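Undergrad: My questions concern the predicted model and sequence given below.
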Amino acid sequence: MRLLGVLTMTYLPISSSKPDRKLQRLALLALLGPYLISGVLKLFDWGGAQAEVAALTGLAPGPLLMLVAAGVIVLQLGASLWLLSERRGAWLAALALAGFTLVATFLAHTWWHLPPGAERAQAFNGFWEHIALVGALVFAGATSDRKDMT
């Protein structure tokens with residue numbers, strides 16, 4: 001795939017040998033772990049889930065807030081499990097999580113609004129860590145439908 005008319009991206013070989021395959025699955029589980037844990041915690045703490053969504057979006061308590069919070073839970077759990085299942089179209093789940101993470105990153109890690117200091121540095125680091133997650137999810141999606149991963 002040509003990027004910006006200059007760079008060329010090729011797929012990395014995905015191994016189907018048992019030790020490599022187990023390592024790939026473990027890496028995917030590590031990548032998706034935060035989404036699975038967050039989704040389960042929100043599922044069992046509905047009030048906390050709504051409070052988190054309200055804090056990031058500014059939504060007032062009500063049906064829309066509940067709908068968005070439920071959507072976040074469904075996305076975090078459903079897309080993670082779909083990508084882990086390696087079923088056909090799992091790349092869509094990876095892209096959905098990447099898009100969600102990108103939006104949440106710009107809502108939660110607004111380091112550019114903070115004065116210089118420790119809080120700004122922490123938000124800056126969190127921002128770029130989440131951008132790295134977006135890249136890892138896109139990579140996971142790009143390699144998810146490969147025949148040699150089955």
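TA: Nice, I can see it.

Undergrad: from here on, contacts and neighbour counts on C-alpha atoms
TA: Noted.

Undergrad: can you pull out the helices in the chain?
TA: 18-44, 46-57, 63-74, 80-85, 90-108, 118-144 (DSSP state H).

Undergrad: okay, those in a markdown table with mean neighbour count and mean pLDDT next?
TA: Formatted as a markdown table, these follow (neighbours: other C-alpha atoms under 10 Å; pLDDT from 0 to 100):
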| stretch | mean neighbour count | mean pLDDT |
| --- | --- | --- |
| helix 18-44 | 15 | 91 |
| helix 46-57 | 16 | 96 |
| helix 63-74 | 17 | 97 |
| helix 80-85 | 19 | 94 |
| helix 90-108 | 19 | 96 |
| helix 118-144 | 17 | 95 |
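
Undergrad: Surely Ala93 and Leu84 touch.
TA: No. Using C-alpha atoms under 8 Å, Ala93 is not in contact with Leu84, being 9.6 Å away.

Undergrad: now Ala96: how far from Ala121?
TA: 28 Å (C-alpha to C-alpha, to the nearest Å).

Undergrad: contacting residues around Tyr46?
TA: Wrong residue type there; residue 46 is Trp, not Tyr. Counting by C-alpha atoms under 8 Å, 6 or more residues apart in numbering, Trp46 makes contact with nothing.

Undergrad: same deal with the one 4 residues further on?
TA: For Gln50, the residues meeting the contact criterion (C-alpha under 8 Å, 6+ apart) are Pro61, Leu65, Met66, Ala69.
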